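Trainee: Here is a sequence with its predicted model. Questions after.
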Amino acid sequence: MGRKKAFALRIDENMMKALEKWAADEFRSTNGQLEWIIRESLKKAGRLPKGNSDQSEPSE
């Protein structure tokens, strides 16, 4: 994966709690879980840039 870019994300408190629990259940950081969700969505939509489709887990 290329360089990472930081950005602010505003998210509903209840959604954030659910995301944090999901991440903990899968032994990922919250950030790692967000990366995984986004990567899977991009893959499913056929929009993942070439060269990134074979990476399964983000490095944390």
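Mentor: In hand now; what should we look at? A quick note: this is a predicted structure, and the numbers were derived from the prediction, not measured.

Trainee: any low-confidence regions in the chain?
Mentor: Along the chain, the parts satisfying pLDDT under 70 run over 1, 52-60.

Trainee: residue closest to the middle of it?
Mentor: Nearest to the mean C-alpha position of the chain, by CA atoms, centre = their mean, lies Glu35 at 1.6 Å.

Trainee: Which elements pack onto the helix or strand hosting Arg39?
Mentor: Secondary structure from DSSP states H and E places Arg39 in helix 30-44. In terms of contacts (3 or more CB pairs under 8 Å, 6 or more residues apart in numbering; DSSP states H and E), helix 30-44 is packed against helix 13-25. In this view, the C-beta of every residue, glycine as well, is placed from N, C-alpha and C.

Trainee: Touching the helix it packs on from outside, list them.
Mentor: Outside of helix 13-25, the residues within contact range by CB atoms under 8 Å, 6 or more residues apart in numbering are 11, 29-30, 32-34.

Trainee: what do you get if the cut-off is 10 Å, keeping everything else the same?
Mentor: With CB atoms under 10 Å, 6 or more residues apart in numbering as the test, helix 13-25 has contacts from 9-12, 28-34, 36-37.

Trainee: Distance from the chain centre to it, please.
Mentor: On the basis of CA atoms, centre = their mean, to the nearest Å, helix 13-25 is displaced by 13 Å from the centre of the chain it belongs to.

Trainee: what's the angle between that helix and helix 30-44?
Mentor: 90 degrees (axes from the mean of the first three to the mean of the last three CA atoms, to 10 degrees).

Trainee: quick revisit: the helix holding Arg39: which residues count as buried?
Mentor: 32-36, 39 (16 or more other CB atoms under 10 Å).

Trainee: and that helix, C-alpha only, in PDB?
Mentor: Extracted in PDB, the C-alpha atoms of helix 30-44 (Å, rounded to 0.1, in the frame of the first residue of the first chain):
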ATOM      1  CA  THR A  30     -10.600   1.200  14.900                       C
ATOM      2  CA  ASN A  31      -8.500   2.800  12.100                       C
ATOM      3  CA  GLY A  32      -7.500  -0.700  10.700                       C
ATOM      4  CA  GLN A  33     -11.200  -1.700  10.700                       C
ATOM      5  CA  LEU A  34     -12.200   1.400   8.800                       C
ATOM      6  CA  GLU A  35      -9.400   0.700   6.200                       C
ATOM      7  CA  TRP A  36     -10.600  -2.900   5.900                       C
ATOM      8  CA  ILE A  37     -14.300  -1.800   5.400                       C
ATOM      9  CA  ILE A  38     -13.300   0.800   2.800                       C
ATOM     10  CA  ARG A  39     -11.000  -1.600   1.000                       C
ATOM     11  CA  GLU A  40     -13.700  -4.400   0.900                       C
ATOM     12  CA  SER A  41     -16.300  -1.900  -0.400                       C
ATOM     13  CA  LEU A  42     -14.000  -0.600  -3.100                       C
ATOM     14  CA  LYS A  43     -13.200  -4.200  -4.100                       C
ATOM     15  CA  LYS A  44     -16.900  -5.100  -4.200                       C
END
